[in-house]
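J.: Provide a 3D model corresponding to the input given below.
(chains A and B)
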Amino acid sequence: MIGDTSVLFQIAGIGIIVAMIHTILKQMGKEEYAQFVSLVGFIIVLLFVLNSISDLFQQIRAVFFLKG
Amino acid sequence: MEIFEVISVGIIASVLFLLLKDKQPSIAFLVIVLTVLYFFIFVIQYVQEILQLITYLGEQANINEIYIKTILQIIGISYITEIGANIVKDAGLESIAVKIEMIGKVFILILAIPIFKSLIETIINIFPIT
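T.: Take a look at the predicted model:
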């Protein structure tokens, strides 16, 4: 049973919204804000991925006796 | 059948990747990374069952616990190395993936040293060097 796959859709939604805001800000001529929005979106998504990575590493440590 | 879940998640992830590829390549890459992590978290439950069987068989056969533990640790290192190398390779950084694999091999060798040592000691006990 694969766990919670709704995170995938959440990330795709964040990506689409960030791309939209990026385009709008670029059209308004606010290039630096557009870059900033991209960066913040990336960091939010990275937090999801980090949780997942730490989950995987904990499980592998438990399964393969890799403590210490 | 769990394989259908894996296939459908893979297809959904590739569609989302295609959607995001042009506008936000970095977020699209993170979608791929997350999918890979999901797959490996999913499959580790089944690997755990196999490993429990192996440890049980080892206990029944009275094999020293250290040997089975070392072998399982070696398998774990190769598993995690494979995951890391695959994720880095997906980002298009072939060279770093090769280095990760190389360092994994070094650590596997280090784990195998005690077993090798005990083998040598056994051989020396059988044929003592005078």
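
J.: Skip the chain neighbours and tell me the closest residue to the one residue in chain A that gets nearest to chain B.
T.: Closest residue of chain A to chain B, Cβ to the nearest Cβ: A:Phe64 (2.7 Å). Using the backbone N, CA and C atoms, a C-beta is placed for each residue, glycine as well. Spatial nearest neighbour of A:Phe64, excluding adjacent residues (Cβ to Cβ, 6 or more residues apart in numbering or on different chains): B:Gly76 at 2.7 Å.

J.: Please tell me how far that neighbour sits from B:Gly104.
T.: Distance of B:Gly76 to B:Gly104, given as Cβ to Cβ, to the nearest Å: 11 Å.

J.: Common neighbours of the two, please.
T.: Shared contacts of B:Gly76 and B:Gly104 (Cβ atoms under 8 Å, 6 or more residues apart in numbering or on different chains): none.

J.: ok now the lengthiest helix in chain A, how far from the chain's centre?
T.: Using DSSP state H, we find that the single longest helix of chain A is helix A:31-63. Relative to its parent chain, helix A:31-63 has a centroid offset of 5 Å by Cα atoms, centre = their mean, to the nearest Å.

J.: Ok, stretch B:10-17 next?
T.: Taking Cα atoms, centre = their mean, the mean C-alpha location of stretch B:10-17 is offset from the chain mean by 24 Å.

J.: picking that back up, what mean pLDDT does the longest helix of chain A get?
T.: For helix A:31-63, the mean pLDDT works out to 89.

J.: Please apply the same query to stretch B:39-52.
T.: Averaged across stretch B:39-52, pLDDT comes to 89.

J.: swap in stretch B:93-112?
T.: In this model, stretch B:93-112 carries a mean pLDDT of 93.

J.: Is it positioned near chain A?
T.: No: Stretch B:93-112 does not reach chain A (Cβ under 8 Å from any Cβ of the partner chain); its nearest approach is 10.0 Å.

J.: where does B:Ile129 land in three-state SS?
T.: Assigned by DSSP: H, G, I helix; E, B strand; the rest coil, the conformation of B:Ile129 is coil.

J.: From chain A, how far out is it?
T.: 35 Å (Cβ to the nearest Cβ, to the nearest Å).

J.: Now do the residue of chain A closest to chain B: how many residues are near it, please.
T.: By other Cβ atoms under 10 Å in any protein chain shown, 23 other residues sit near A:Phe64.

J.: Look up how far chain A lies from B:Ala112.
T.: Taken as Cβ to the nearest Cβ, the span from B:Ala112 to chain A is 15 Å.

J.: swap that for B:Tyr56, please
T.: Using Cβ to the nearest Cβ, we find B:Tyr56 at a distance of 15 Å from chain A.

J.: Which other helices and strands does the helix or strand where that residue lies contact?
T.: Assigned by DSSP states H and E, B:Tyr56 falls within helix B:25-60. Secondary-structure packing of helix B:25-60 (3 or more Cβ pairs under 8 Å, 6 or more residues apart in numbering or on different chains; DSSP states H and E): helix A:6-27, helix A:31-63, helix B:2-21, helix B:65-90.
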